[in-house]
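Q: no sequence on this one, just coordinates:
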């Protein structure tokens, strides 16, 4: 039975049992702070198990994309080394939300495996939970009694809490479980040893294929268990393991789930995957492991990108980047793949799994481009870093040591970006380990240096007792009025003194404020607090633990006074222009470049805007023009901003874009500029209508990381200043060119003329070098077997001198030549020596030129046969050449 039929048979079976078949949730989790990736089939249904969401279908079946690479469920280090662990895997599951329970789940599992898939009953073992005194839980008698209807009691095994009490994490839904294991050993091996002894004993041929979890409890943060509102069933069957059993293979990787990928890797690498030779030859074992790692990891990376998560340096993106780089490293070291290859596996994967997961086909081009760019970026680092690691390992072995110095490991981490686990993995290939303790010491020292550089001495808060009354009727200590007002009456509630880098500042908390605190990329407001007697300048506004703090260089004299808090309105307006422009830009980018574009960072101030976003290639001039045009069209439409508060669920229903990694409360602020164009969750300040922005102009676009681009742009007055400056430059050019009618044509004419003059100059320099070459040939001296020449010249063609010397080297046997040249008023010395003299007389041009360069107050170097030096003392050139004659 091929893998696609295996998957469909599972879904059809449970559909016949009244289950709703639902599509897989994305593998990458967004909106759940406790989970980065869906690491189990039940993860997408957590709210249903907890009773936090309504149950639409009491019975569900699906195949869920899962990823286990970090935290409690981490299979990364086993992947490729063994034959049944994976990073990304499919979990076939059937679910009951308060409907059926143990009896139905167990009986249907047995029916599907033995009657539909026709698996040999004698090769199956089952486990039940033995209980836990620590949690006050007894033996799972109900599961045991149900299994006894189908399985002999000697095949029903007791399982401990580790194996038979399933928990998603440190907290969350959990419950006893009942596993089904398959004994895939040969009949001869099975006769020698009872399979019951090998269940949950890490035997690669006696494996768990299905786990029926009976969700009855929720694990709280204090470790206690509480009953869930309803009893649920959560079952998970490893798709890859099931296919292995049904196809009669000894390894998951030998099935048609992975073999098409492995065949493609064979084609790309010219190596063969041969498991029969794996135990006999270490080299073949390394080849096999590398192919398994790559075949596994390309699935993880491709599905992650399809789900919207690009590789990056933080969060889920960093996990994906780490997995991709692990695969590249295996290909580089074990398969001799020295150029990008992972992206070439994507079409094979899409062909294999695209029918079940159509996102692989619809986003195939995007996936390929993202992976290719990431590979190209890493190969540059890999080339240098791996050579360095290899040399470190060789030197460590040569010194008779078995542990690599932690300082060196830190250098690899700090300079080349190599994770400690990657360095450790490579070291193991040389039978070495790393001094991880010393590495951590160096890492902590670096952190301490960083902390010291940013150390801040902060005094305690001092409360203004007379003003406490002004907060009595407020929900928060500070009432923020900045969305509607730019000035208001305010009182100082508390303050403190702060010293950083020998500069003294003060922090002030007001009872009411119009000052926007830095957040979401928008800088904080500045302005003043003043009254008739005094004025204090507010230099910045930030938040600390939710408190709005106003920065100033001095405190007012009378703290209990009433002040007028006044924002610098000009700065605020320009900042608002840029912030609203980022929303228009974001929407334009998605329309022009594609829906894969996601904001990855921003900076919005009164000078300009900076916008980082996910995209896989440089934006063309034509695309930039389209983006600018689209944004400016929306500005001219003078769209009124629609800003309102609403529940997070209602906001999502509107299609509002939420930024990945941002934390949102139950009530969010939704900013809309035309509901068909831009809707985003945002806490910043914005224009009343887009016409206020005036004009939008992109001034730069470039890469900040693989897959991350950055646009910098100006609006309003700064856009006007930008065009004024450009016009000024053009007018100056016109004046220099005597005001031609066609400036571009005139400039092109000058460039062509300059090009012709350059060609003539090069010809002249070449002729001059030929004359000098003849003079040198005529001045050659014979000293024993050496043809020796020393000459001082004045010649601006540095490259021509080098070419001339190489010509002499090829024409004159046993040549030893030193040239002292004045090049554009600076002294230069060149030394060239025939290869045979280098070998026979142990001469070195680099050493000689460094010695001669002392006379011209300079330095230089090069190879044994040719070297150059420059300096600052032109008068020393003659002395250096005399010294050269004596050296010979």
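A: Cool, got the structure. Given the structure is predicted, the values throughout are model-derived calculations rather than measurements.
Q: so how far is residue 571 from residue 804?
A: Residue 804 sits 62 Å away from residue 571 when distances are taken as C-beta to C-beta, to the nearest Å. No exception for glycine: its C-beta is placed from N, CA and C like everyone else's.
Q: nearest residue to residue 862 other than its sequence neighbours?
A: residue 846 (4.9 Å; C-beta to C-beta, 6 or more residues apart in numbering).
Q: follow-up on the earlier one: more crowded one of residue 804 and residue 571?
A: Neighbours per residue (other C-beta atoms under 10 Å) separate residue 804 from residue 571, with residue 804 holding more: 23 against 16.
Q: count the neighbours of residue 567 for me.
A: Counted with other C-beta under 10 Å, the neighbours of residue 567 add up to 24.
Q: backbone dihedrals for it, please?
A: Dihedral pair for residue 567: phi -80, psi 140, per degrees, to the nearest 10.
Q: give me the distance between it and residue 524.
A: Residue 567 is 10 Å from residue 524, by C-beta to C-beta.
Q: next, show the common contact partners of the two.
A: Contact criterion C-beta atoms under 8 Å, 6 or more residues apart in numbering; residues shared by residue 567 and residue 524: 515, 516.
Q: any idea which element the nearest residue to residue 654 once chain neighbours are set aside lies in?
A: Once flanking residues are discounted, residue 654 sits nearest to residue 679: 5.7 Å by C-beta to C-beta, 6+ apart. Assigned by DSSP states H and E, residue 679 belongs to strand 678-681.
Q: re earlier: quick one: contacts for the residue nearest to residue 862?
A: 861, 862, 863, 864, 867.
Q: what about residue 377, how many neighbours?
A: For residue 377, the neighbour count with other C-beta under 10 Å is 18.
Q: also the one 5 residues further on?
A: Applying the criterion other C-beta under 10 Å, we find 22 residues in the vicinity of residue 382.
Q: what about the helix or strand harbouring it, distance to the chain center?
A: Taking DSSP H and E as the criterion, residue 382 maps to helix 364-398. Chain-centre distance of helix 364-398: 15 Å, with C-alpha atoms, centre = their mean, to the nearest Å.
Q: quick one: mean pLDDT over that helix.
A: For helix 364-398, mean pLDDT is 83.
Q: begin at 790 from now on, thanks
A: Got it, first residue is 790 now, which makes that one helix 1153-1187.
Q: just the helices in the stretch 1140-1289 of the chain please.
A: 1148-1151, 1153-1187, 1195-1205, 1209-1217, 1225-1242 (DSSP state H, counting those that start in this stretch).
Q: may I see the buried residues of the fourth one?
A: Within helix 1209-1217, the residues that count as buried by 16 or more other C-beta atoms under 10 Å are 1209, 1211, 1212, 1213, 1214, 1215, 1216.
Q: and the strand holding residue 1468, what other elements does it pack with?
A: helix 1358-1382, strand 1456-1462 (3 or more C-beta pairs under 8 Å, 6 or more residues apart in numbering; DSSP states H and E).
Q: what's the helix or strand hosting residue 934 in contact with?
A: Under the criterion of DSSP H and E, residue 934 resides in helix 930-936. For helix 930-936, contacts defined as C-beta under 8 Å, 6+ apart pick out 891, 892, 895, 896, 915, 917, 918, 945, 965, 967, 1001, 1003.
Q: before we move on, what about stretch 808-816?
A: So stretch 808-816 is contacted by 800, 803-804, 826-827, 832-833, 846, 848-856, 877, 883-884, 1092-1093, 1096-1097, 1146 (C-beta under 8 Å, 6+ apart).
Q: residue 1644 - how many residues pack around it?
A: For residue 1644, the tally of surrounding residues (other C-beta under 10 Å) stands at 23.
Q: oh sorry, the question was meant for residue 1326
A: Neighbours of residue 1326 under the rule other C-beta under 10 Å: 14.
Q: what does the helix or strand hosting it contact?
A: Take DSSP H and E as the rule and residue 1326 turns out to sit in strand 1324-1333. By C-beta under 8 Å, 6+ apart, the surrounding residues in contact with strand 1324-1333 are 1297, 1302, 1304-1308, 1312-1319, 1337-1345, 1352, 1354.
Q: of those, buried ones?
A: For those, buried by 16+ other C-beta under 10 Å: 1297, 1302, 1304-1306, 1312-1319, 1337-1341, 1345, 1352, 1354.
Q: so which of the residues you listed belong to strands?
A: Here DSSP state E is the test, and the buried ones among the contacts of strand 1324-1333 give 1297, 1302, 1316-1319, 1337-1341, 1352, 1354 as lying in strands.
Q: what mean pLDDT does the host helix or strand of residue 1545 get?
A: Here residue 1545, judged by DSSP H and E, is contained in helix 1532-1567. Here helix 1532-1567 scores 90 as its mean pLDDT.
Q: thinking again about what came up before, which one of the contacts of helix 930-936 is nearest to residue 983?
A: residue 945 (13.8 Å; C-beta to C-beta).
Q: excluding covalently adjacent residues, which one is nearest to residue 882?
A: Nearest non-adjacent residue to residue 882 (C-beta to C-beta, 6+ apart): residue 830, at 3.7 Å.
Q: now for the one you found: which residues touch it?
A: 851, 853, 855, 880, 881, 882, 1023, 1024, 1025.
Q: JSON lines for these, including distance to residue 1603, neighbour count and secondary structure?
A: Converted to JSON lines, these look like this (distance: C-beta to C-beta, whole Å; neighbours: other C-beta atoms under 10 Å; DSSP: H, G, I helix; E, B strand; the rest coil):
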{"residue": "851", "distance to residue 1603": "81", "neighbour count": "24", "secondary structure": "strand"}
{"residue": "853", "distance to residue 1603": "77", "neighbour count": "24", "secondary structure": "strand"}
{"residue": "855", "distance to residue 1603": "72", "neighbour count": "27", "secondary structure": "strand"}
{"residue": "880", "distance to residue 1603": "76", "neighbour count": "23", "secondary structure": "strand"}
{"residue": "881", "distance to residue 1603": "79", "neighbour count": "24", "secondary structure": "strand"}
{"residue": "882", "distance to residue 1603": "82", "neighbour count": "26", "secondary structure": "strand"}
{"residue": "1023", "distance to residue 1603": "85", "neighbour count": "27", "secondary structure": "strand"}
{"residue": "1024", "distance to residue 1603": "85", "neighbour count": "26", "secondary structure": "strand"}
{"residue": "1025", "distance to residue 1603": "80", "neighbour count": "24", "secondary structure": "strand"}
